[in-house]
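Engineer: Sharing a model prediction with you, sequence too.
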There are 2 protein chains.
Amino acid sequence: MSVRESQDTRLRLLQHARDLYLESGPERFSLREVARRSDVSAAAVYRHFDGKEALLRAVCEEGLRVFSSYLLRALKETTSLERLRAAGDMYRRFGIENPRDYRVIFMSTPGEDVDVGSSATFQFLVDRVSECIKAKALARGDGLEIAAVIWAHVHGLVSLRLCGQLAVVGDDDAFTRFFLRSTDRLLKGLAP
Amino acid sequence: MSVRESQDTRLRLLQHARDLYLESGPERFSLREVARRSDVSAAAVYRHFDGKEALLRAVCEEGLRVFSSYLLRALKETTSLERLRAAGDMYRRFGIENPRDYRVIFMSTPGEDVDVGSSATFQFLVDRVSECIKAKALARGDGLEIAAVIWAHVHGLVSLRLCGQLAVVGDDDAFTRFFLRSTDRLLKGLAP
DNA sequence: GTCTATAGGTGGATAGAC
DNA sequence: GTCTATCCACCTATAGAC
């Protein structure tokens, strides 16, 4: 079999692994099921990945890449405050549109996964906050702490929604409006 | 074997089930392991519970009872705003002191567990908010929506902390102070 | 690289003796 | 009520033929 076909198999495994992950979450993820969907035997997977954990890791890395791509779209706004608000809204969109990825990144047990709180991704939010403070769009204060407050707030909204606990606000459109009102209230508390 | 000893077995099963649950979470929870820890055969469990799911349900109900007991302590405060702030802080304490229970109640996948958002527990928070509005300690508005905003905020702080994502703020005491500053900022945005 | 076959483990649930 | 024995399903991983 050619090298090209072999790479296709690897790619197919990765895509089906991602599908299964998004459907079933990390717990019910199984190497055999990925193999079945990819029309290869379970043993064949070991030619491409070092077992289940390696396959799982590859899937997670893809999720983080997608998350970053959402956040970066906020930079197209023109003012610092608009960029901050857009970052929050992109965070919401990522969570609602990629619930399984969101759970993996932000709702898993500590120790086994990525630490976003001390990563380049979090630094992105700190930067948005800092430029707002500099532009007097937010009250003076510790940029890192204020970023953490904002992060917790948007995460609280998104994660409760993903757990089905905010069904009371209505459908996804109603949630979006609720999200924007809610973050605006927080920003009011953070204003100069 | 006497009725009393049989009830003891049931209780022992429930306690070990709870322990296992708190250690391993809902995913790795297994009826057989509970039986092992309780020194009975796996089959014996079926004399006391209708299988794994029923056992799991019994464990979750206990967690909710503990959570309620935390919240109710907030009622000993004298003013409406103090009661609201105390409710938030009790929420924090419950999460930090009972992380596994917290995860079960507020961080599990939808469909399989309790819906707090439309429960008596959430109504408790709505009541705290409503009395603050009536006392002009909060701006006028939809009590239910404002309660949801506050809930999401404290949940965001607690759940990120439990996932190890807010390690940046320091130890548990530092987190407590951070939590209080953060909620005060939100309340400032909700003030009249 | 892929296959089949297999080893060895987890788990849930039931039947029937005691 | 509890046990042992059992069945069945699922899983990870490896060995060896092709």
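Structural biologist: Perfect, I can see it now.
Engineer: Looking at whichever residue of chain A sits closest to DNA strand D now. What's its pLDDT?
Structural biologist: Closest residue of chain A to DNA strand D, C-beta to the nearest atom of the strand: A:G51 (3.1 Å). From N, CA and C alone the C-beta is placed, and that goes for glycine too. Looking at A:G51, its pLDDT stands at 93.
Engineer: Quick check: closest non-adjacent residue to it.
Structural biologist: In this structure, A:G51 finds its nearest non-sequential neighbour in A:L31, 7.4 Å apart by C-beta to C-beta, 6 or more residues apart in numbering or on different chains.
Engineer: what sits against the one you found?
Structural biologist: Counting by C-beta atoms under 8 Å, 6 or more residues apart in numbering or on different chains, A:L31 touches A:42, A:45, A:51-52, A:55.
Engineer: Name the residues of the helix or strand of chain A with the lowest mean pLDDT that come out as buried.
Structural biologist: Every helix and strand in chain A was compared by mean pLDDT, DSSP states H and E; the lowest is helix A:3-24, with a mean of 84. Buried residues in helix A:3-24, defined by neighbour count with 16 or more other C-beta atoms under 10 Å in any protein chain shown: A:9, A:12-14, A:16-18, A:20-22.
Engineer: what do you get for stretch A:167-186?
Structural biologist: Buried residues in stretch A:167-186, defined by neighbour count with 16+ other C-beta under 10 Å: A:169, A:175-176, A:178-179, A:182-183, A:185-186.
Engineer: Stretch A:24-31 too?
Structural biologist: A:25-26, A:29, A:31.
Engineer: how far off helix B:143-162 does the one helix or strand A:W151 maps to point, in degrees?
Structural biologist: A:W151 is part of helix A:143-162, with elements assigned from DSSP states H and E. Between the axes of helix A:143-162 and helix B:143-162, defined by axes from the mean of the first three to the mean of the last three C-alpha atoms, to 10 degrees, the angle is 110 degrees.
Engineer: Quick check: nearest residue in space to A:E62, chain neighbours excluded?
Structural biologist: Using C-beta to C-beta, 6+ apart and skipping the chain neighbours, the partner closest in space to A:E62 is A:R18 (6.2 Å).
Engineer: I figured the one you found hits A:E61, correct?
Structural biologist: No - taking contacts as C-beta atoms under 8 Å, A:R18 lies outside contact range of A:E61: 10.6 Å.
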